[in-house]
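1. would you be able to build a 3D model of this:
(one chain, ligands or ions: 1)
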Amino acid sequence: MKLNRRNFILSLVGGIAGIQVTPLPWKLMDDSAIWTQNWPWVPVPPTGEFTSVKSVCSLCPGGCGIKVRKVDNRAVKIEGRTDFPVNPGGICPVGMGGLQLLYDESIRYLEPMKRVGPRGAGVFENISWKEALSILSNRISALRKKGTPEALAIVDGNKNDSTMSALIKRFATAAGTPNYIRMPSMEDTYKMTSYLMTGNSSPMSVDLENTNYILSFGCGLLEGWGAPGRVLNAWGLWKERGNKVKIVQIESRASNTASKADKWLAPVPGTEAALALGIANVIINQGLFDTSFIDRHSYGFEDWTSEDGTRHMGFKRLVTDKYSPRQVSKITGLKESQIVAIAKEFASAKAPVAICGKGKGNNNGSLYEFMAVQALNALVGNINKPGGIFVNNTLPLSNLPDMKLDSIAARGLKTSRIDRAGSKLFPFTESLIDNMSRAINEGDKNTVDTLLVFASNPVFTLPDGGAFKKALNKIPFIVSFSPYRDETSYMADLILPDHVYLEKRDEVVCPTGLQYPLYALSQPVVEPLYNTRHTGDVIIQLAKRSGLQRHFPWSDYEDVLKFRARGLFDSGRGLMTYKNNKPVWQQIKQNRLAASDYSTFNQMWEGLLAGKAWYSLPHTGKVSFSTKSGKFEFASSKMKSVLGTYSKGSLKAMGIEAEGDEVFMPHYEQLRSSANRHDYPLRLIPYEIINLADNFVPSPPFLTKTLFDNQLRKKESFIEINPKTASDYNLQEGDRILVESPAGKAMVRVCLTEEVMPGNLYMPLGLGHTAYDEFLRGKGANPNQIISAEKDPLSGQFVWWDTPVKIVKI
Ligand code: SF4
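-> Purely as a prediction, here's the structure:
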């Protein structure tokens, strides 16, 4: 038969019809299905009853409601909950891949272990919990017996204000060490800003859903900033409203957020404070500020005279004199017209809000920059109003009871903190982990004998050029409570592995940036799979074995959670019912939230155990501040009372070049680096993406497969370079280069893109692991290893966004 088009189609149709009629192919398929079931490497789906557990994800401070589908006792899928107020239905890629963190044995610890190989090699042997607890409690008891409890240091990555943090801090105090050190985060800087300008150490609280103009100083809204599930949902709402909501992104790289924003401004990195003040200048000089808010609720705006008759400069004169669009244009590299246009738009919007915290906000920000951004919110009077920022109090959880300390603890607590946080040099900062590394690396004797590391992986995540890891080599005994085989636990002598988040009860306390107070409990979705223990329980057990039991009267961690939750009930506030057709942000706008909708503590507690959230109304409409003046302070009385006595030299030691009244107000301090810019003429800037975890929790291995070929190819990662800069070095796409800073070097390949600022190099965070399994280990380079962070003026925290580097073509 001649095979023309018609005959071909006929034979195809005949073939298909024949397959439908003959039983042979169906039989073959059935046989092969039965046969392949016996292959040991083919995953066999579980059989059994289908159930679903409502819980809350605690992989990041985002607090998304999740629903975990189970077949028999195996969790098979994680989805977002539509009946939870934070993230109506959506979750991020890390949350979606959470099952890999539960079931992948090669990235988690299955038993308590002690080190048997060289430090850092990750060679351990299994021991019993009894032995593990006795090794550690003997060590702590010995330190206390010797009268040196301060030689115990603790690094804690749990969220500030969480019960876990409170319990760990209590253990440190009961033992007698002041060296309880927190991992840095955007929220630390925000809390300091609030403390200095509003008098409340309130958590970050932004009414994103009701705003109509977002001025974002580098916040990675689409990269996982704040509470990612909630922010992504807010983004959807803004886009639904079309041109009624405007998003302006300020950063030097065309991130996802910048690319999808309505406007993208790219100032020189590190000059954002100057830009905020330039915008303030236009708002003030053109009379666009909220006069009612400024007159009634602000302090330090106009020049003023103190009780001793001295005349002081106010914020208005500061920005008028020093931050004209022309002056700011020279600092930031932006056009004057751009600064003026943004200022006018921002001030004339109905509900504008300025937000800060670069990238995901996993790291700290610059304190003066945050203050400058907060000053913009005050200028437009959008504080405690729908669409603005809220000055919320911390959650009314019960404080743990006071302790009557023994003499050993009382003496130990009088010794100076190793990180010098709270000292004259760093008066407003709670913790400075970099100072701890420095003290250990530069000291001649071992100031830290035993280090406990909780919920953090500082060896990988700190932007310190490897300083923390170097310090670990000098610490005689390190204990990790990580559930994961991460870089820091590899350096440990003892591993007391926590459960993975789906195996334990824990809490979500005020998801980062959420505009209303919220509390929820995560559920143990499955029984613990291995011989791990909840770290909260372990601390209580450890206290009992170390002679500190009188300070820990609880039977287990859940008992502590219940104790603290009573404070929520006692506050007389809080809602437990939530209807997804009435989102909380809408009720805030209409000021319709009831005070409370439950009557007994048990009713509230049972609701929490069943996966409901406790939430409450923010302070809408009420404007009250806890500062000395009772107002929003452009000139901070707290700063004046502390720094007002400092000499010029002392201020310089804090990195502050400004003098006089300017010191107490938001202002721009040019970044100074100890590296010679001539030798290191380029600038390294790390960036974050939503499909790669770069904090304590590892990326579920499947996420590596979602990376583009110009981010990771086989084992090599890429650095983004503008073609203009590349041509200066004669670089082509894909070339291999060595990026070198005073702290270290890394080999990467070149990705040419017009979407980044010339003179800068951009590297993704989250790659370059040296631990975990074959899917995460050895993939790409970690920029944190070459960041030689300087100190942020005033706060003393890391300046991780500007590292001088040079490159060499290989
Ligand atoms: S955003 Fe955070 S809390 Fe939400 S699913 Fe992702 S990791 Fe979990």
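
2. residue contacts, K70?
-> Taking C-beta atoms under 8 Å, 6 or more residues apart in numbering as the contact definition, K70 lies against F50, T51, S52, V53, V76, V525, V526. C-beta coordinates here come from the backbone N, C-alpha and C atoms, glycine included.

3. ok, S106 - how many residues close by?
-> When neighbours are counted by other C-beta atoms under 10 Å, S106 registers 12.

4. leaving out chain neighbours, which residue sits closest to it?
-> On the basis of C-beta to C-beta, 6 or more residues apart in numbering, the spatially nearest residue to S106 that is not a chain neighbour turns out to be D773, at 3.9 Å.

5. please report how far the one you found lies from the ligand.
-> Using C-beta to the nearest ligand atom, to the nearest Å, one obtains 20 Å as the distance from D773 to the ligand.

6. contact partners for whatever residue of the stretch 151-300 of the chain ends up closest to the ligand?
-> Sorted by distance to the ligand under C-beta to the nearest ligand atom, the residues of the stretch 151-300 of the chain start with P228, at 3.6 Å. Applying C-beta under 8 Å, 6+ apart to P228 gives the contacts C60, G62, C64, C92, K360, I690.

7. look up phi and psi at it.
-> With angles defined as degrees, to the nearest 10, P228 shows backbone torsions of phi -60, psi -40.

8. excluding its backbone neighbours, what's nearest the residue of the chain found nearest the ligand?
-> Sorted by distance to the ligand under C-beta to the nearest ligand atom, the residues of the chain start with G95, at 2.2 Å. Distances taken as C-beta to C-beta, 6+ apart place C57 nearest to G95, at 4.9 Å, with adjacent residues excluded.

9. just E733 next, same as before
-> What sits nearest to E733 in space, not counting adjacent residues and going by C-beta to C-beta, 6+ apart, is L752, at 4.9 Å.

10. partner residues bridging the one you found?
-> Here L752 shows beta-bridge partners I721, assigned using DSSP bridges.

11. related to what we said a few turns ago, how about the contacts of P228 in JSON lines, adding pLDDT?
-> Converted to JSON lines, the contacts of P228 look like this (pLDDT from 0 to 100):
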{"residue": "C60", "pLDDT": "95"}
{"residue": "G62", "pLDDT": "96"}
{"residue": "C64", "pLDDT": "97"}
{"residue": "C92", "pLDDT": "95"}
{"residue": "K360", "pLDDT": "96"}
{"residue": "I690", "pLDDT": "95"}
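
12. of those, list those near the ligand.
-> C60, G62, C64, C92 (C-beta under 6 Å from any ligand atom).

13. and T148, how many residues sit next to it?
-> Counted with other C-beta under 10 Å, residues neighbouring T148 total 18.

14. same check, this time on the one 4 residues further on
-> Burial of L152, expressed as a neighbour count using other C-beta under 10 Å, amounts to 24.

15. strands of the stretch 601-750 of the chain, start to end?
-> Remark: strands of the stretch 601-750 of the chain, listed N- to C-terminal, are 613-615, 632-633, 682-687, 712-713, 716-721, 736-740, 745-752; assignment by DSSP state E, counting those that start in this stretch.

16. let me know which of those is tucked in deepest.
-> Most buried of the strands of the stretch 601-750 of the chain, by mean neighbour count (mean count of other C-beta atoms under 10 Å): strand 632-633, with a mean of 26.

17. how about the residues of the stretch 51-200 of the chain that lie near the ligand?
-> Proximity of the stretch 51-200 of the chain to the ligand is assessed by C-beta under 6 Å from any ligand atom, with C57, L59, C60, G62, G63, C64, I91, C92, V94, G95 identified as the residues in range.

18. which members of these are the farthest-apart pair?
-> Within those, two members stand farthest from each other by C-beta to C-beta: G63 and V94, at 13.6 Å.

19. quick one: which of these two has more around it?
-> With neighbours defined as other C-beta under 10 Å, G63 and V94 compare such that G63 has more, 28 against 24.

20. wait, isn't the more buried one in contact with P511?
-> Yes. At 3.4 Å, G63 and P511 qualify as touching, with contact defined as C-beta atoms under 8 Å.

21. any common contacting residues for the two?
-> Here G63 and P511 share the contacting residues V86, A227, L518, scored by C-beta under 8 Å, 6+ apart.

22. can I get the residues you listed in JSON lines including secondary structure and pLDDT?
-> Below are the shared contacts of G63 and P511 laid out as JSON lines (DSSP: H, G, I helix; E, B strand; the rest coil; pLDDT from 0 to 100):
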{"residue": "V86", "secondary structure": "coil", "pLDDT": "96"}
{"residue": "A227", "secondary structure": "coil", "pLDDT": "97"}
{"residue": "L518", "secondary structure": "strand", "pLDDT": "96"}
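
23. compare those and tell me which is most surrounded.
-> For the shared contacts of G63 and P511, the largest neighbour count, defined by other C-beta under 10 Å, is 28 neighbours, found at A227.

24. surely that one meets V86?
-> Yes. Contact between A227 and V86 holds when scored by C-beta under 8 Å: they sit 6.2 Å apart.

25. give me the common contacts of the two.
-> Applying C-beta under 8 Å, 6+ apart, one finds that A227 and V86 are jointly contacted by G62, G63, C64, P511, L514.

26. could you report the pLDDT at the closest residue to P483 other than its chain neighbours?
-> Counting by C-beta to C-beta, 6+ apart, P483 lies nearest to D498, which is 4.5 Å off, once chain neighbours are set aside. Residue-level confidence at D498 comes out at 98, pLDDT.

27. before we move on, what about D303?
-> D303 is assigned a predicted lDDT (pLDDT) of 97.

28. count of neighbours near it?
-> D303 sits with 14 neighbouring residues when counted by other C-beta under 10 Å.

29. spatially central residue in the protein, please.
-> Relative to the mean C-alpha position of the chain, the nearest C-alpha, by C-alpha atoms, centre = their mean, is the one of N362, at 2.8 Å.

30. show me what contacts that one?
-> N362 is in contact with S185, M186, T461, E688, D694, N695, counting by C-beta under 8 Å, 6+ apart.

31. okay, now the fifth one: neighbour count?
-> What that stands for is D694. Neighbourhood size, D694 [other C-beta under 10 Å]: 27.

32. just for the stretch 1-150 of the chain, where's the confidence low?
-> Within the stretch 1-150 of the chain, the ranges that satisfy pLDDT under 70 run 1-45.

33. can you pull out the helices in it?
-> 5-21, 24-36, 93-96, 98-103, 129-145 (DSSP state H, counting those that start in this stretch).

34. which strands and helices sit next to the last one?
-> With contacts defined as 3 or more C-beta pairs under 8 Å, 6 or more residues apart in numbering; DSSP states H and E, helix 129-145 has these neighbours: strand 113-115, helix 163-175, helix 407-413, strand 450-454, strand 494-495, helix 535-545.

35. list the buried ones in that helix?
-> Residues A132, L133, I135, L136, S137, R139, I140, L143, R144 are the ones in helix 129-145 that count as buried (16 or more other C-beta atoms under 10 Å).
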